[in-house]
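# Sequence and predicted structure below; questions after.
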Amino acid sequence: MLSIDPQETPALADKKQREHLKSYPQLQGAGYTHFLTGNENQIRRVADSIGFQYRWDDHVKQFIHPSGLTVLTPQGKVSKYLYGVRYEPRDVRLALVEASEGKIGTLSDKMTLFCFQYDPASGKYGFMIMSVLRVFGGITATALGGMVFATIRRERRRKTNSKESDSVR
């Protein structure tokens, strides 16, 4: 997490990190989350590099900005934007698996990515019925092909056995 307020201090970032980790105990001690602060120039450079827009509003005396997560690849390129203030664990996990280019995540996660696709309009992963239909269509075609192959083979054996028994007589 990066604070866009140059007035916030590392001590405040540490406090916010502890509060955040209380809500997500599975992240405690894992070193996955970092709460960063910086000067105005540093913050602006990071925000601009990921396409994050914000501005100070003198009327309300606070920064105005969209709420969301930016998921980066190991090379530092933007992979996904997840919008909102609450994120489904599945959406965060799939975004991380996808951004990691297969370096993290289980086989199950990778199979799930085949059935779910990121929808930038909603900022969430949604079920992809066409992918599922392709998988089941492939399974069906393979099963039918196997049955046809087995039937033809059985019929050939039956004919061969029938000819052999006729020649023995």
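Nice, thanks for sending it over. This structure is a prediction, so every number in the text was calculated from the model and none was measured. Residues are numbered from 1 along each chain as shown.

# hey, let's count contacts and neighbours off CA atoms from now on
OK.

# what bridges to residue 69?
Per DSSP bridges, the residues bridged to residue 69 are residue 82.

# Identify the residues contacting it.
Contacts here follow CA atoms under 8 Å, 6 or more residues apart in numbering; on that basis residue 69 touches 81-83.

# if you average pLDDT over the helix or strand that contains residue 140, what comes out?
Using DSSP states H and E, residue 140 falls within helix 129-168. Mean pLDDT, helix 129-168: 82.

# can you map out the strands along the chain?
55-57, 62-64, 68-72, 78-83, 116-119, 124-127 (DSSP state E).

# As CSV, those with distance to residue 133 would be great.
Shown next, in CSV, are the strands of the chain (distance: least, CA to CA, whole Å):
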stretch, distance to residue 133
strand 55-57, 46
strand 62-64, 43
strand 68-72, 29
strand 78-83, 26
strand 116-119, 13
strand 124-127, 12
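
# nearest to residue 100, of these?
strand 68-72 (8.3 Å; CA to CA).

# ok so, going back, packing partners of the helix holding residue 140?
In terms of contacts (3 or more CA pairs under 8 Å, 6 or more residues apart in numbering; DSSP states H and E), helix 129-168 is packed against helix 107-115.

# Walk me through the domains of the chain.
1-65, 128-169 (automatic domain parsing).

# Export those domains as JSON lines, with columns for mean neighbour count.
Formatted as JSON lines, the domains of the chain follow (neighbours: other CA atoms under 10 Å):
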{"stretch": "domain 1-65", "mean neighbour count": "13"}
{"stretch": "domain 128-169", "mean neighbour count": "12"}
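
# Compare those domains and give me the one nearest residue 91.
Of these, the one closest to residue 91 (CA to CA) turns out to be domain 128-169, at 14.1 Å.

# follow-up on the earlier one: can you add distance to residue 88 and give the domains of the chain back as a markdown table?
Converted to a markdown table, these look like this (distance: least, CA to CA, whole Å):
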| stretch | distance to residue 88 |
| --- | --- |
| domain 1-65 | 13 |
| domain 128-169 | 17 |
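
# Determine which of the ones you listed approaches residue 93 most closely.
Nearest of these (CA to CA): domain 1-65, 12.7 Å.

# okay, how far is it across the closest one, tip to tip?
Start-to-end span of domain 1-65 (CA to CA, to the nearest Å) is 14 Å.

# quick check, distance from that domain to the centre of its chain.
Averaging C-alpha positions (CA atoms, centre = their mean, to the nearest Å) puts domain 1-65 23 Å from its chain's average.
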